[in-house]
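Asks: predicted structure and sequence below. I'll ask about it afterward.
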Amino acid sequence: MTSENTSDNTQEQALNKTDVSGCTAEFPFFGAKYPDARCIDGYLHDMDKCDENGNLYLMDESYPCPFCNREEFIQQQKDNEEDLEKVSEWINYINSKYNLQKVYQRLVDAGNGDCMKCAIATLLNLKYEEVPHFLEFENPNSGMINFMLDKGFDFECCLYNYPNSEYSTIEKLKDFKGINGLFYASVFSPKYYKEENGIEGHQVTHAVVINKNFEIVFDPNREYKNIKEYPASDKLGYNGIKNIYLFTPKVV
């Protein structure tokens, strides 16, 4: 999935870095370990190929963006006889690490926090204002499921984490693809967790976005950015993930 641009910079037309449209994704692609590719109008440009003012040069070859121009990107990979399953895994990894449009909480409250709203907005690449505040619904989870249905995603099931129980289903996550390899999940709230109530008692939960390896790739609460361990993770395992809501794109 990596490429190297060997075009002659002196014969290329410079592009102003800020004069762009499209998704403007930035991620490693042209051989560097750091983000060296940027999407401009659906195609990738090498950020290491620029003039002294930082203006990017036009590319001699076309490199479709795997996010906003996915169909053409996949076709190009197919023409190059790449393993499409590995390509899909790579896209999911890059998306979770570099391309998430993160939406952070504006309300942090035990009974009225907006972490659900922000986790779903991030998962679907929507703005804060485009997602309802689910806790205002009579049944927040049903409100979330109905919203996802309206956005083209079916609710598959919920996976539960019951340690040492035959009713625990969290390990089945490996059987699902999620949304670009990502999933909506909940953990115990680091701020409001009550040790005396334990994992079976009443606890305030907190919404996060995870990947297939049970890694928490996004927490909508900025205060938890550097958190090393979520509450009861030593008892629950799976990085303290309590349950996972599985959504899949509707089949047309």
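Replies: Looks like it came in fine.

Asks: for the rest of this, base every contact and every neighbour count on C-alpha atoms.
Replies: Noted.

Asks: what mean pLDDT does the helix or strand where residue 86 lies have?
Replies: Element membership for residue 86 (DSSP states H and E) is helix 84-98. Throughout helix 84-98, pLDDT has a mean value of 83.

Asks: which strands and helices sit next to it?
Replies: Using 3 or more CA pairs under 8 Å, 6 or more residues apart in numbering; DSSP states H and E as the contact test, the elements touching helix 84-98 are strand 26-27, helix 70-79.

Asks: go ahead and name everything in contact with the last one.
Replies: By CA atoms under 8 Å, 6 or more residues apart in numbering, the residues outside helix 70-79 that reach it are 1, 63, 64, 65, 66, 84, 87.

Asks: related to what we said a few turns ago, any idea which helix or strand comes after the helix holding residue 86?
Replies: Downstream of helix 84-98, the first helix or strand assigned by DSSP H and E is helix 115-124.

Asks: columns distance to residue 35, neighbour count and secondary structure on top of the contacts of helix 70-79, output as JSON lines?
Replies: What follows is these, written out as JSON lines (distance: CA to CA, whole Å; neighbours: other CA atoms under 10 Å; DSSP: H, G, I helix; E, B strand; the rest coil):
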{"residue": "1", "distance to residue 35": "14", "neighbour count": "13", "secondary structure": "coil"}
{"residue": "63", "distance to residue 35": "15", "neighbour count": "20", "secondary structure": "coil"}
{"residue": "64", "distance to residue 35": "16", "neighbour count": "22", "secondary structure": "strand"}
{"residue": "65", "distance to residue 35": "14", "neighbour count": "26", "secondary structure": "coil"}
{"residue": "66", "distance to residue 35": "14", "neighbour count": "23", "secondary structure": "coil"}
{"residue": "84", "distance to residue 35": "22", "neighbour count": "13", "secondary structure": "helix"}
{"residue": "87", "distance to residue 35": "18", "neighbour count": "17", "secondary structure": "helix"}
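
Asks: min pLDDT across those, which one?
Replies: For the contacts of helix 70-79, the weakest pLDDT value sits at residue 1, with 61.

Asks: ok, residue 110 - contacts?
Replies: Contact analysis of residue 110 by CA under 8 Å, 6+ apart lists 192, 204.

Asks: shouldn't residue 235 be within a helix?
Replies: Yes: remark: residue 235 belongs to a helix, assigned using DSSP: H, G, I helix; E, B strand; the rest coil.

Asks: that older thread, could you list the buried residues of the helix holding residue 86?
Replies: For helix 84-98, a neighbour-count test (16 or more other CA atoms under 10 Å) marks 87, 91, 92, 93, 94, 95, 96 as buried.
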